[in-house]
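**Q** quick one, fold the following:
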Amino acid sequence: MKYIESISDDVYFNLALEEYIFNNLKDDTYFMLWKNYNSIVLGKHQNVFEEINIKAIEQNNIKVARRNTGGGTVFHDRGNLNYSVITDYDKSTFIDYNQFIIPVINALNSIGVKAEKRRTSDIAIDGKKISGSAQTIKGNRALHHGTLLFDADLTMLHDLLKTTEGKIESKSVKSVRSIVTNIKDHLRDEINIDEFQRLLINTMFSGNAGKYEINEEQIKTIQELAENKYSKWEWNFGVSPDFSYEKESEILCDKINVKLFVKKGVITNCNVHGNNIPCNDLQEHITDSRYSYINILNKLKDISSLKNMKNLNYEELADCFF
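**A** Numbers count the residues shown, from 1 in each chain. Here you go, the predicted structure:
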């Protein structure tokens, strides 16, 4: 087994690094540890607009990334340690999630954390989730990866993964909401995440994993993949399944009803009903726009000169669409 420690805290680079290892390094089992700066990572088949608080994400400049595996949406920050295992796949001997999760659980137990498997792919402490995982298989290689909430900002996690107040209908894979906790709160001794990372490596491999260093040529290829795929709006937002959205709000004692149909992240149909707003102008201006809070807010400001728009709070009106 070879161990790789990422040189970056950028979610796009780290997902590209993982894909590069999965597709190109096939001579051994690779174990990768990585941490990201504040970001949201969703499953390959999910509707990003259904899973996250779009307004909060955009206002706080949080990166959104789509991975190559299924499963639910997770929050990453520097207090969250991510692990990846890339190894040979043999259908006759493959044991699904257990062969990856149990070693992690055993390592946690050995340092005083009473962790246990929950559901198919989660790890929990006292019923509270500390880790979720997902995997994919390509040819004769398997990729399994998971999160480890060590000292994450759980308030930010809850705020950014808050679902919309409107009604969304789509055929996407939905996240399973769970009560979470940090590993740090269950340790006997106070340590930081870097010390936890070293303990995890030493416990899981007993010093037997050789370190693999990514070279400059590989880094260049990985950066190109990050730029051309993982950082693209078309991949992270546009791949979302088509969906309809409906919400009823109240502004200036007037009921506002918004109905949208969104295809590949773009509003293809917009219906707005209200007595004191220029509905036809709103519909025309917003149709064919990307479904983005900041984008819609700016669209509303563009038509601020219209007679029935002058007394409106644009932020409140934009909220009607999310």
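
**Q** with adjacent residues omitted, what lies nearest to residue 108?
**A** Counting by Cβ to Cβ, 6 or more residues apart in numbering, residue 108 lies nearest to residue 115, which is 4.1 Å off, once chain neighbours are set aside. C-beta coordinates here come from the backbone N, C-alpha and C atoms, glycine included.

**Q** my guess is that neighbour contacts residue 103, does it?
**A** No: using Cβ atoms under 8 Å, residue 115 is not in contact with residue 103; the gap is 11.6 Å.

**Q** between those two, who's got more neighbours?
**A** A side-by-side neighbour count of residue 115 and residue 103, using other Cβ atoms under 10 Å, places residue 115 first with 22 against 15.

**Q** what sits against that one?
**A** 104-105, 108-109, 123-125, 130-131 (Cβ atoms under 8 Å, 6 or more residues apart in numbering).

**Q** residue 201: how many residues sit nearby?
**A** 19.

**Q** which SS state does it fall under?
**A** What DSSP: H, G, I helix; E, B strand; the rest coil gives for residue 201 is helix.

**Q** so it sits against residue 3, correct?
**A** Yes: at 6.7 Å, residue 201 and residue 3 qualify as touching, with contact defined as Cβ under 8 Å.

**Q** shared neighbours, the two?
**A** Shared contacts of residue 201 and residue 3, counting by Cβ under 8 Å, 6+ apart, come down to 33, 209.

**Q** and residue 92, how far from residue 198?
**A** 36 Å (Cβ to Cβ, to the nearest Å).

**Q** now residue 58
**A** Counting by Cβ to Cβ, the gap from residue 58 to residue 198 is 36 Å.

**Q** more neighbours, the two?
**A** Taking neighbours as other Cβ under 10 Å, residue 58 and residue 198 compare with residue 58 leading, 17 against 11.

**Q** the more buried one reaches residue 294, doesn't it?
**A** Yes: using Cβ under 8 Å, residue 58 is in contact with residue 294, at 5.0 Å.

**Q** now do the shared contacts for these two.
**A** With contacts taken as Cβ under 8 Å, 6+ apart, residue 58 and residue 294 have no neighbour in common.

**Q** run through who's touching stretch 128-142.
**A** Residues contacting stretch 128-142 (Cβ under 8 Å, 6+ apart): 22-23, 26, 43, 67-72, 74, 86-90, 94, 97, 100-101, 104, 115, 118, 121-124, 143-149, 178-183.

**Q** from those, which land in helices?
**A** Per DSSP state H, helices hold the following members of those: 22-23, 100-101, 104.

**Q** please check the residues you listed and keep the buried ones.
**A** 22, 100-101, 104 (16 or more other Cβ atoms under 10 Å).

**Q** closest one of those to residue 273?
**A** residue 22 (48.8 Å; Cβ to Cβ).

**Q** quick one: contacts for the closest one?
**A** If you count contacts by Cβ under 8 Å, 6+ apart, then residue 22 has 86, 138, 141, 143 around it.

**Q** isn't residue 321 right next to residue 294, touching?
**A** No: using Cβ under 8 Å, residue 321 makes no contact with residue 294, being 11.6 Å away.

**Q** quick one, which of those two is more surrounded?
**A** Between residue 321 and residue 294, counted using other Cβ under 10 Å, the more crowded position is residue 321 (27 against 13).

**Q** contacting residues for the more buried one?
**A** 245, 247, 258, 260, 286, 291, 293, 296.

**Q** who does the helix or strand where residue 258 lies touch, helix- and strand-wise?
**A** Assessed by DSSP states H and E, residue 258 sits inside strand 254-263. Secondary-structure packing of strand 254-263 (3 or more Cβ pairs under 8 Å, 6 or more residues apart in numbering; DSSP states H and E): strand 243-251, strand 266-273.

**Q** so which of those strands gets nearest residue 214?
**A** Taking the helices and strands packed on strand 254-263 one by one with Cβ to Cβ, strand 266-273 is closest: 36.8 Å.

**Q** quick one: low-confidence parts of the stretch 201-322 of the chain?
**A** Counting by pLDDT under 70, the stretch 201-322 of the chain has low-confidence residues at 207, 305-310.

**Q** and the helices in it?
**A** 216-225, 233-236, 279-286, 293-302, 314-319 (DSSP state H, counting those that start in this stretch).

**Q** kindly reformat these as CSV containing distance to residue 62.
**A** Converted to CSV, those look like this (distance: least, Cβ to Cβ, whole Å):
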stretch, distance to residue 62
helix 216-225, 21
helix 233-236, 12
helix 279-286, 24
helix 293-302, 12
helix 314-319, 18
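
**Q** okay, now the unreliable bits of the stretch 51-200 of the chain?
**A** For the stretch 51-200 of the chain, applying pLDDT under 70 flags no range at all.
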